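A.B. asks: just need the structure, nothing else, for what follows:
(chains A, B, C and D)
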Protein chains: 4
Amino acid sequence: MLKNIRTDLAVECLTDTGPSLPQGVRRDTETVGQTPITRVSIETPEGAKAIGKPVGNYVTVETAPFHRFTSEFEDQVQIVGDELKKILPDGPALVVGLGNSAITPDALGPEVINLIFATRHLQQDLSSISGFDNLRSTAAIAPGVLGQTGIETAEIVSAIVRELKPCGVVVIDALASREIARLGATVQISDTGIAPGSGVANHRKELSQKTLGVPVIAVGVPTVVDMNTIAEDLAGEQPITLPDKGRSMMVTPREIDTIIENAAKTVAFGINLALQPSLSLDDIISLVN
Amino acid sequence: MLKNIRTDLAVECLTDTGPSLPQGVRRDTETVGQTPITRVSIETPEGAKAIGKPVGNYVTVETAPFHRFTSEFEDQVQIVGDELKKILPDGPALVVGLGNSAITPDALGPEVINLIFATRHLQQDLSSISGFDNLRSTAAIAPGVLGQTGIETAEIVSAIVRELKPCGVVVIDALASREIARLGATVQISDTGIAPGSGVANHRKELSQKTLGVPVIAVGVPTVVDMNTIAEDLAGEQPITLPDKGRSMMVTPREIDTIIENAAKTVAFGINLALQPSLSLDDIISLVN
Amino acid sequence: MLKNIRTDLAVECLTDTGPSLPQGVRRDTETVGQTPITRVSIETPEGAKAIGKPVGNYVTVETAPFHRFTSEFEDQVQIVGDELKKILPDGPALVVGLGNSAITPDALGPEVINLIFATRHLQQDLSSISGFDNLRSTAAIAPGVLGQTGIETAEIVSAIVRELKPCGVVVIDALASREIARLGATVQISDTGIAPGSGVANHRKELSQKTLGVPVIAVGVPTVVDMNTIAEDLAGEQPITLPDKGRSMMVTPREIDTIIENAAKTVAFGINLALQPSLSLDDIISLVN
Amino acid sequence: MLKNIRTDLAVECLTDTGPSLPQGVRRDTETVGQTPITRVSIETPEGAKAIGKPVGNYVTVETAPFHRFTSEFEDQVQIVGDELKKILPDGPALVVGLGNSAITPDALGPEVINLIFATRHLQQDLSSISGFDNLRSTAAIAPGVLGQTGIETAEIVSAIVRELKPCGVVVIDALASREIARLGATVQISDTGIAPGSGVANHRKELSQKTLGVPVIAVGVPTVVDMNTIAEDLAGEQPITLPDKGRSMMVTPREIDTIIENAAKTVAFGINLALQPSLSLDDIISLVN
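C.D. replies: All right, here's what the predicted structure looks like:
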């Protein structure tokens, strides 16, 4: 078994387990339009142990690569929105964008927050101001990263959840994948929240229903691969000689700026559609620009 | 009396009051090196009413214009640091950068936060990691603006103050001035916190010892002038015909990008010097870059 | 007569000339959809002298303010495209974006260049690569500003025109207006090229058919107002006391970042539509993103 | 022999050739302060053929990693400046920054241009304006990339060289390296210009004394590694199974934003020191900020 493989994608944890899945794990696939979707359900603690991810549901949407604009953009936003709608609890929502806005491959979360239609402050005179009725109360925050703030993200989010008392939290984060081919070409949606040690920065504390007290939906896009993972995958059984410096490196595609921009639009517009079913995609684009 | 004048600078509130100051108001001036400093003290409720600012102390440092790099940079950082040291309480500090990072003249606060040396998370093994002893615990956050987050800044800051229990808060904000000549050429430091309705966005809720329970130091740089203010000042007694659209406009210098960059460095490095007296400016520049 | 008024908009040069226009000057207005369009034609040297602009045609499109996204966006792109189509010569085109990408209100030109669909290098295997036939050869360059490059923009553009031999040049530049209300709310299109001393930087050399040897179309959006102009306009006949520092200042709206982004999209997509009549706006958005 | 290895660094072309170098190739190493320097001289066409790089001199400065600010910064700027001084011809200079400013790992060239002290336009009244005598005439341009401009970089540079007639050209470009450990930790300086097919974009035309008629100095920093190269290196003799999509990918470190910022400062300040021996590093920092 390979020891140094690192991935935040549930779908990649099944790769080495052969044709028969571990007990307590299910996988289904379908294609919506042009877009393949894989659903992995981890149903038991045994399944969770075998896979190395918490019990819950993980949906992987294989998008057209985000490194350029494609005609499939609107369809993909709709798919992300539809998948989120299935698992989002009703009531006021808090959207949290994790990551460091100054490091492009880690900036997915903050970029998504810039595109969320926040409505919580409009509640009093909503229809008069915006011309739209029945908006769901939405708050959105990018809390920064520990190295910049000196505060654990989990502390900030907990404090804000206590203050706002939302019915559900959506957490966005850039992810690490095992396969280079998945970088900037996949959206993972799960109902498990964020596990410790995931994300690009690799030292997150848990953000989940257990720690926050309300359902936590996680949305992520893989933007980096760990060099150890590449080395291990390529080398297979033979000894590998990756130098120390390379070993601690994470690599990202050359077009990462465009990937983050397009991935953020897909994720943010999908979240907005799921939160505000009365708005069209055109409404949303006008409202957040 | 002029009705539409708007300014966040205490020193500008004295302009129209003639040579004799209102009762309960004092003004002192000195020059440190090349840099003029004015101290306005509002000592009584009568003084506060006459001036239109809360009781407290306001220090105005007239810097070389921030629209280009000058040889006075290091001296000015030192002056800002020295002034802050006089009024900062001992103990753990929280630095809060108000404003919208996507609107350049309002981005002073978030830009300063990017340059604050956060140390709160280093407390356990501080000297081993950083090589520096006796660092003061510092946290730093840019909470975003109401229109983006849906959450009043005051709510976020209150929640974080309850969680972190700092001994003092430093709040940074871009300001409106009356005189165009002051834009990007002044730092105001006060021990009064942030008054309602100040700042570029003009709809802040109060952030003060009264609302947060600990001393709140405010640091600001004027980056905009209200068009009403310009019109009123220029027109004097005669009727003015500024069109409606212009009336709601705030104007800012053409070189605002450079002004924000250099002002953020001056303010952030000054705060770092005040918070960490054991560090030199060179240490700080290395640590935050 | 007011001496210190500065504007790059022909339509604003008519303001002080009363109801009867100078000899050799015509003005027509129409409204397309929601959008007012004014056409000023300077037909004789006398008219040019009276107005202070070269002989030629100036079209002013009064857009919805660019500081936020509006539903009129697509219509306005179409209008800009249609006006350009009327005056663009056939054959290979060169698009030149003037201005300094590091100073936001001066960055319109470089931002437009980022959104131009350059095709000159695709000529050999055009239909195979892009799936589109009959594309007009288009080159696009942002030459930078004198202070950054040490080279007059006119020298760079002349050298490239000699090398590429286009049939026409389109030059984009940020402009100074007289009225604050026009900032970020107008597109001016003219067939006269760029006059010396226009633009935000105020020290351009001429770029015109006379200096480049081919027709030069100029497209601009006002993004700054000179403080002298504001002072003069407001003060009228009475003496004004604007301090020296303010006198040399140009002011710009607080939302200049968004204005530049939306103005650049409107101008660039309009140019693309005019240059490539076989493409739809949707095609263009996909191709340049 | 490995077929798919790609590197722009001469020093890496020696790796597979064992302890004895090919005929016509010399390698010397020294350490200046903390900084190792390797000089590779390709002296004959046979050497050039064996190495796969043009005849000429290649200096590799192994810097402290650019992903964070280090105390060695000033020393390294000085070393780059000293190496350039040895090979720069006297007389007016043109500095050319290759690459795409919108793709961070390819943006080294444009970022360097923003930090070059251009003086060509100051020649008339130089000492009166700047207070500095004996400045060398310097022009600086970032011509953009073929996909954005539709014009081969070589065409633009040739046209400008004909117009300006400099005595020497300095070309800056982001490079591909073989070893991940070298990314953002090396500066290569050569007197050979830019070879076809080098750089991040991998389709440059030649920029050399042969094509431009004056000496061409190239300065580069490796910022990407080709995935093929990683795969080939790790896999050695065994067959490799890198998926198609990964094969065409270039990877870059996660901290690429900071790497480009610090590498651009090191390269630009080094060039400024070499071009203007009468200026100190402090002078230069003030002049370009």
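A.B. asks: quick check: phi and psi at A:Thr229.
C.D. replies: phi -60, psi -50 (degrees, to the nearest 10).
A.B. asks: neighbours of it, how many?
C.D. replies: By the criterion of other CB atoms under 10 Å in any protein chain shown, A:Thr229 has 23 neighbours. The way it works is simple: take the backbone N, C-alpha and C, and place the C-beta from them, glycine included.
A.B. asks: how about the contacts made by it?
C.D. replies: Residues in contact with A:Thr229 (CB atoms under 8 Å, 6 or more residues apart in numbering or on different chains) are A:Asn4, A:Ile5, A:Arg6, A:Thr7, A:Ala176, A:Arg178.
A.B. asks: now flag whichever of the residues you listed is closest to chain C.
C.D. replies: Chain C lies nearest to A:Ala176 out of those, by CB to the nearest CB, at 26.5 Å.
A.B. asks: my read: the closest one touches A:Met250, true?
C.D. replies: Yes - using CB atoms under 8 Å, A:Ala176 is in contact with A:Met250, at 7.0 Å.
A.B. asks: shared neighbours, the two?
C.D. replies: The contact sets of A:Ala176 and A:Met250 overlap at A:Val200, A:Val224, A:Val225, A:Asp226 (CB under 8 Å, 6+ apart).
A.B. asks: make TSV out of those and add neighbour count.
C.D. replies: Output for those, formatted as TSV (neighbours: other CB atoms under 10 Å in any protein chain shown):
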residue	neighbour count
A:Val200	28
A:Val224	29
A:Val225	28
A:Asp226	23
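A.B. asks: so which of these is the closest to D:Ala231?
C.D. replies: A:Val225 (12.7 Å; CB to CB).
A.B. asks: pairing partners for whichever strand or helix holds that closest one, with directions?
C.D. replies: Assigned by DSSP states H and E, A:Val225 belongs to strand A:216-226. Here strand A:216-226 has these sheet partners by DSSP bridges: strand A:168-176 (parallel), strand A:186-190 (antiparallel), strand A:250-253 (antiparallel).
A.B. asks: mind picking out the helix or strand in chain A with the poorest mean pLDDT?
C.D. replies: Every helix and strand in chain A was compared by mean pLDDT, DSSP states H and E; the lowest is helix A:126-130, with a mean of 55.
A.B. asks: next secondary structure after that one?
C.D. replies: Reading on from helix A:126-130 to the C-terminus, the next helix or strand found by DSSP H and E is strand A:138-141.
A.B. asks: can you tell me which helices and strands that following strand packs against?
C.D. replies: Counting contacts by 3 or more CB pairs under 8 Å, 6 or more residues apart in numbering or on different chains; DSSP states H and E, strand A:138-141 is packed against strand A:93-97, helix A:153-164, helix B:146-149.
A.B. asks: contact partners for A:Arg136?
C.D. replies: With contact set as CB under 8 Å, 6+ apart, A:Arg136 has these partners: A:Gly91, A:Pro92, A:Ala93, A:Thr119, A:Leu275, A:Gln276.
A.B. asks: what about burial for those residues, which qualify?
C.D. replies: The neighbour-count test (16 or more other CB atoms under 10 Å in any protein chain shown) marks A:Pro92, A:Ala93, A:Thr119, A:Leu275, A:Gln276 as buried among the contacts of A:Arg136.
A.B. asks: among these, which one lies nearest to chain B?
C.D. replies: Out of those, the member with the shortest distance to chain B (by CB to the nearest CB) is A:Thr119, at 6.0 Å.
A.B. asks: list phi and psi for that closest one.
C.D. replies: Dihedral pair for A:Thr119: phi -130, psi -10, per degrees, to the nearest 10.
A.B. asks: confirm A:Lys86 sits in a helix?
C.D. replies: Yes - assessed by DSSP: H, G, I helix; E, B strand; the rest coil, A:Lys86 belongs to a helix.
A.B. asks: now the longest helix out of those in chain A against strand A:93-97, angle please.
C.D. replies: Longest among the helix segments of chain A by residue count, using DSSP state H, is helix A:256-275. Put simply, helix A:256-275 runs at 170 degrees to strand A:93-97, going by axes from the mean of the first three to the mean of the last three CA atoms, to 10 degrees.
A.B. asks: return the set of buried residues in stretch A:73-90.
C.D. replies: For stretch A:73-90, by 16+ other CB under 10 Å, it's A:Phe73, A:Asp75, A:Gln76, A:Val77, A:Gln78, A:Ile79, A:Val80, A:Gly81, A:Glu83, A:Leu84, A:Ile87, A:Leu88.
A.B. asks: for those, which one is nearest chain D?
C.D. replies: Nearest to chain D among these is A:Gln76, at 17.8 Å by CB to the nearest CB.
A.B. asks: find the closest residue to chain C in the stretch 51-200 of chain A.
C.D. replies: Residue nearest to chain C within the stretch 51-200 of chain A: A:Phe69 (3.5 Å; CB to the nearest CB).
A.B. asks: my guess is that residue contacts A:Ala263. True?
C.D. replies: No - A:Phe69 sits out of contact with A:Ala263 when judged by CB under 8 Å, with a separation of 11.9 Å.
A.B. asks: give me the phi and psi for A:Ser41.
C.D. replies: A:Ser41 adopts backbone torsions of phi -110, psi 120, taken as degrees, to the nearest 10.
A.B. asks: quick check: it touching A:Leu14?
C.D. replies: No - counting by CB under 8 Å, A:Ser41 stays clear of A:Leu14, with 11.5 Å between them.
A.B. asks: joint contacts of the two?
C.D. replies: Residues touching both A:Ser41 and A:Leu14 (CB under 8 Å, 6+ apart): A:Val25, A:Arg27.
A.B. asks: shaky segments in the stretch 151-289 of chain A?
C.D. replies: A:201-203, A:234-248 (pLDDT under 70).
A.B. asks: wait, what's in contact with the residue in it positioned nearest to chain C?
C.D. replies: In the stretch 151-289 of chain A, the residue found nearest to chain C is A:Asn289; the distance is 3.6 Å by CB to the nearest CB. Listed by CB under 8 Å, 6+ apart, the contact set of A:Asn289 reads C:Arg68, C:Phe69, C:Asn262.
A.B. asks: and it, how far from B:Ser101?
C.D. replies: For A:Asn289, the distance to B:Ser101 equals 16 Å [CB to CB, to the nearest Å].
A.B. asks: ok, how many other residues are close to A:Pro143?
C.D. replies: Count around A:Pro143 with other CB under 10 Å applied: 29.
A.B. asks: do you know the pLDDT at it?
C.D. replies: A:Pro143 is assigned 96 on the pLDDT scale.
A.B. asks: so it sits against A:Ser158, correct?
C.D. replies: No - shown here, A:Pro143 and A:Ser158 do not form a contact pair, counting by CB under 8 Å, at 10.5 Å.
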